[in-house]
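Q: with the sequence up front, the predicted model follows.
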Amino acid sequence: MSIARRGQDSRLPRLERTGFFTAGYRLDEGGEAEAVLGSAHRDVFGQHLQSFTTPGYLDGRVYTNYGPMPTLTYGPRSLDIHAFDERVHIESVRNITKTIALFIAEWCGLEPLK
């Protein structure tokens, strides 16, 4: 028996979708911004930037899908992000801040003061 037919039978539970559903986005790897971010990340963390996919909502999808502005999402180590008990690793926040500063300096062509 299909789920649709089961939903019509009052003796069985009715299935209802709840929550937020939206189109995701994919930013192809290997772009210039990713290379600059990767270099800054290596300078601060001493290791290569790792890429991963997340099933959560990211503002980057709005910029990429409707901007269109290719968007990198980058942040600190965290646990249970956006949950009532979310937490981040403080030292990684410091290092991410340094990395973003180096990225901006390189991306914008800033040079040290003489």
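A: Ah, there it is. Residues are numbered from 1 along each chain as shown.

Q: contacts, neighbours, all on C-alpha from now
A: Will do.

Q: how about the strands in the protein?
A: 78-79, 87-88 (DSSP state E).

Q: confidence-wise, which of those strands is weakest overall?
A: For those, mean pLDDT drops lowest on strand 78-79, to a mean of 89.

Q: and the strands of the chain as CSV, adding mean neighbour count and distance to G56?
A: Output for the strands of the chain, formatted as CSV (neighbours: other CA atoms under 10 Å; distance: least, CA to CA, whole Å):
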stretch, mean neighbour count, distance to G56
strand 78-79, 13, 13
strand 87-88, 14, 16
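
Q: of all the ones you listed, which one comes closest to F52?
A: Nearest to F52, of all those, is strand 78-79, at 14.0 Å by CA to CA.

Q: and the longest helix for this structure?
A: The longest helix of the chain (DSSP state H) is helix 90-107.

Q: what helices or strands is that one leaning on?
A: helix 32-45 (3 or more CA pairs under 8 Å, 6 or more residues apart in numbering; DSSP states H and E).

Q: again, only using 10 Å
A: helix 32-45, strand 78-79 (3 or more CA pairs under 10 Å, 6 or more residues apart in numbering; DSSP states H and E).

Q: most tightly surrounded among these?
A: Most buried of these by mean neighbour count (mean count of other CA atoms under 10 Å) is helix 32-45; its value is a mean of 17.
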